Each structure stands twice: as structure tokens, then as C-alpha cells.
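K.L.:
Here is the input, now give the coordinates:
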Amino acid sequence: MTSEESEENLVSVIVPTRDSSRTLATCLESLRCQRGVEIEILIVDQESRDGTRAIARKFDATVIDIRRTTIYSPPSRSRNIGFDRSRGRYVLHIDSDMELSSSDLLSTCISACGPAEAVIIPEVDIGTGFWAECKCMERQCHLGRTWLESPRFFKREIFQALSGYDPAITSGEDWELTDRLLERGAIMARIPLKIKHHLGALSMKTQFMKKFSYGKTMLPYARRQNGRMSRRFSGYIGAYTTNLKSLGFYVYPILLMRSIEFMGLFAGMTLSRVTSEPR
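P.N.:
Model (predicted):
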């Protein structure tokens with residue numbers, strides 16, 4: 001591959017991290033195995049206190065240091081900081097607990113970007129224990145549903161034109177960016193190859209608290225006039241209804257799990273609304 005061809009196929013992969021040593025090596029190994037593309041890896045790290053930075057350097061990734069926040073939230077700002085330091089014609093935003101399922105995934109994304117400006121990569125969950133298995137089954141219901149999936153792979157020009165993720169939104173940031181893509185009339189493609197999301201072990205307490213944390217920062221998106229939050233929640237109902245037969249016995253624990261998660265989300269949003277209102 002010539003230097004010009006390398007630049008033409010350069011993908012900037014941006015990975016926000018914070019104490020991510022449990023899964024980061026698996027993530028970076030799946031990037032190192034990609035064929036037919038050139039990759040630069042940018043790790044945007046929130047002062048990790050474990051072996052995250054050592055793992056990143058082992059894979060020759062560029063580490064960008066940012067200040068550690070009191071509570072970790074979905075990394076809109078980290079992704080934008082990584083993009084500002086990147087130079088690829090294409091950009092992939094991936095979490096540190098994710099793994100590319102095929103060594104041809106990025107080259108497939110580039111091919112899809114012939115006519116398209118952004119690419120949806122389907123995600124499958126992998127975890128241990130009964131509740132993780134339920135979450136994996138539930139995630140299968142989302143596949144192929146435009147309102148429940150958001151792109152992670154972009155042509156540089158479109159991501160730059162949108163000014164990246166909205167830093168004021170730390171929950172629902174993927175949805176908000178997708179809304180702006182739709183308003184712009186951007187073409188979005190979808191590839192068959194998947195991203196594996198490594199959940200680890202789940203419990204109902206951890207899921208409630210996770211959604212509670214998300215709920216506390218969801219209001220900025222929920223209040224957007226052009227937001228499509230209600231349509232997305234309707235999409236979840238349609239996804240489950242369509243897949244009742246394939247879910248089988250799992251439909252009951254999945255409904256329980258999702259009910260607990262929605263209670264956590266609602267509690268977090270309610271707390272945020274009460275504490276943010278002027279007195």
C-alpha cells in the first residue's frame with residue numbers, strides 16, 4: 001500500500017477510557033487485526049488509576065490526558081477532544097469495552113461510505129450470568145431498527161460539519177447526533193458485521209444505578225424540541241412485541257429488567273428536574 005493509499009484509507013479510532021484495564025486490551029487487539037486499512041488509535045483518558053495507560057502504550061496508541069470528573073458520564077467531550085487531535089479521512093468512535101468482531105469490519109465500513117456519510121455497526125452484548133444473558137437477548141431485538149441504532153463510523157467531513165457530539169448532552173448523545181444527521185438529510189448505511197459489547201456480570205442493582213446516573217443527565221436531550229425521544233421509546237415496545245416468539249421464556253425477566261431500568265432512568269430524570277428548577 002502506497003503512502004497516498006494509506007492516507008486515503010486512514011481511520012482514526014477514538015476510545016474514551018477511565019479505569020478500563022479489564023477490557024481495553026481486547027478492544028485494541030481487535031483494532032490491530034484490521035486488514036486493508038491504516039489506523040491511528042487515540043485514547044482519551046480520564047486520569048485512570050489502573051493499568052489503562054500502560055495497555056494503551058503497549059498497542060502504540062496516542063494517549064490524550066483529560067481531567068477526571070467526580071462522576072463518570074458518557075463521553076461526548078472526550079470523543080470531540082479525540083476527533084480534534086485526529087487526522088483520518090474516517091473516524092470510528094468506540095468504547096473501551098467493545099471489540100470488533102471481524103478483521104474486515106473497518107474496510108467494510110469504508111466501502112459502505114462510498115454513497116454514505118455515516119455507518120451503523122450493529123452491536124451484540126456478551127456477558128456472564130443470567131441477567132447478562134437476558135440483556136444479550138434484549139439487545140437482539142434492536143438489530144435493524146433505525147430508531148434504536150446510531151452510527152459510530154463517520155466520514156470526517158460530515159462529523160466536522162455537525163461539530164461533533166453536543167458536549168452539553170452526556171446521556172442520549174448518540175441519539176442527538178443521529179437526529180442532526182437526519183435533519184441534514186445525511187445518508188446512513190448499515191453493515192452486517194458487528195461490534196461485541198462486553199458487559200461482564202450484571203445485577204438489577206447495578207442496572208438501576210446505571211440508568212439512574214443516565215437519567216440525571218438525560219434532561220438536556222429530552223427537552224430538545226427536535227428530539228425524537230418518545231418515538232424511540234415507542235420503538236422499544238415495537239421491538240419487543242415483534243420478537244415475543246423468539247424471546248420465549250426470556251420475555252418475562254427481560255420485561256422485569258427493563259422495568260427496573262426505566263424506573264432508574266425516571267428517578268434520575270426526576271431528581272435532575274427537581275434540583276435544576278429555580279426556587
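
K.L.:
Do you have the helices of the stretch 51-200 of the chain handy? List them.
P.N.:
According to DSSP state H, counting those that start in this stretch, the stretch 51-200 of the chain carries its helices in the segments 52-58, 76-85, 105-112, 130-140, 156-161, 173-184.

K.L.:
Which strands or helices does the second one pack on?
P.N.:
Just to be clear, that refers to helix 76-85. In this structure, helix 76-85 makes packing contacts with strand 10-17, strand 38-46, strand 62-66, strand 90-93, judged by 3 or more C-beta pairs under 8 Å, 6 or more residues apart in numbering; DSSP states H and E. Just so you know, the C-beta spots here come from the backbone N, C-alpha and C atoms, and that holds for glycine as well.

K.L.:
And the fifth one, by the same measure?
P.N.:
If you count contacts as 3+ C-beta pairs under 8 Å, 6+ apart, helix 156-161 packs onto strand 90-93, helix 173-184.

K.L.:
can you tell me how far G215 sits from M263?
P.N.:
10 Å (C-beta to C-beta, to the nearest Å).

K.L.:
what's the closest of the helices and strands packed on helix 156-161 to T69?
P.N.:
helix 173-184 (15.1 Å; C-beta to C-beta).

K.L.:
For whichever strand or helix holds I254, which residues meet the burial criterion?
P.N.:
Taking DSSP states H and E as the criterion, I254 maps to helix 251-276. By neighbour count on 16 or more other C-beta atoms under 10 Å, the buried set for helix 251-276 is V251, P253, I254, M257, R258, E261, G264, L265, G268, M269, S272.

K.L.:
What angle do helix 130-140 and it make with each other?
P.N.:
90 degrees (axes from the mean of the first three to the mean of the last three C-alpha atoms, to 10 degrees).

K.L.:
and helix 251-276, average pLDDT?
P.N.:
Helix 251-276 shows a mean pLDDT of 89.

K.L.:
how about the nearest residue to K196, chain neighbours excluded?
P.N.:
E99 (4.4 Å; C-beta to C-beta, 6 or more residues apart in numbering).

K.L.:
L10 now?
P.N.:
G88 (4.2 Å).

K.L.:
For the one you found, the count of nearby residues, please.
P.N.:
21 (other C-beta atoms under 10 Å).

K.L.:
For it, give me its contacts.
P.N.:
Listed by C-beta atoms under 8 Å, 6 or more residues apart in numbering, the contact set of G88 reads L10, V11, S12, E40, R156.

K.L.:
What subset of these is buried?
P.N.:
Going by neighbour count (16+ other C-beta under 10 Å), those have L10, V11, S12, E40, R156 buried.

K.L.:
Pull up the per-residue confidence for C27.
P.N.:
97.

K.L.:
correction: S163
P.N.:
Note for S163: predicted pLDDT of 95.

K.L.:
Just the strands from the stretch 101-250 of the chain, written as ranges.
P.N.:
118-120, 123-128, 153-155, 188-190, 195-201 (DSSP state E, counting those that start in this stretch).

K.L.:
Redo those as TSV? Include mean neighbour count, distance to C27 and mean pLDDT.
P.N.:
Formatted as TSV, the strands of the stretch 101-250 of the chain follow (neighbours: other C-beta atoms under 10 Å; distance: least, C-beta to C-beta, whole Å; pLDDT from 0 to 100):
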stretch	mean neighbour count	distance to C27	mean pLDDT
strand 118-120	23	18	97
strand 123-128	16	13	93
strand 153-155	24	15	98
strand 188-190	18	22	95
strand 195-201	17	8	94
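
K.L.:
so which of the ones you listed gets nearest T23?
P.N.:
Closest of the strands of the stretch 101-250 of the chain to T23 is strand 195-201, at 5.2 Å (criterion: C-beta to C-beta).

K.L.:
which non-adjacent residue is nearest E138?
P.N.:
Going by C-beta to C-beta, 6+ apart, E138 has I254 as its nearest residue, at 4.9 Å.

K.L.:
Thought C134 was touching that neighbour, still the case?
P.N.:
Yes: the pair I254 / C134 is scored as a contact, 5.2 Å apart, by C-beta atoms under 8 Å.

K.L.:
ok, back up a step: out of the helices of the stretch 51-200 of the chain, which is closest to N243?
P.N.:
Within the helices of the stretch 51-200 of the chain, the stretch nearest N243 is helix 130-140; the backing value is 7.3 Å (C-beta to C-beta).

K.L.:
Could you report the neighbour count for the residue nearest to K196?
P.N.:
Counted with other C-beta under 10 Å, residues neighbouring E99 total 18.
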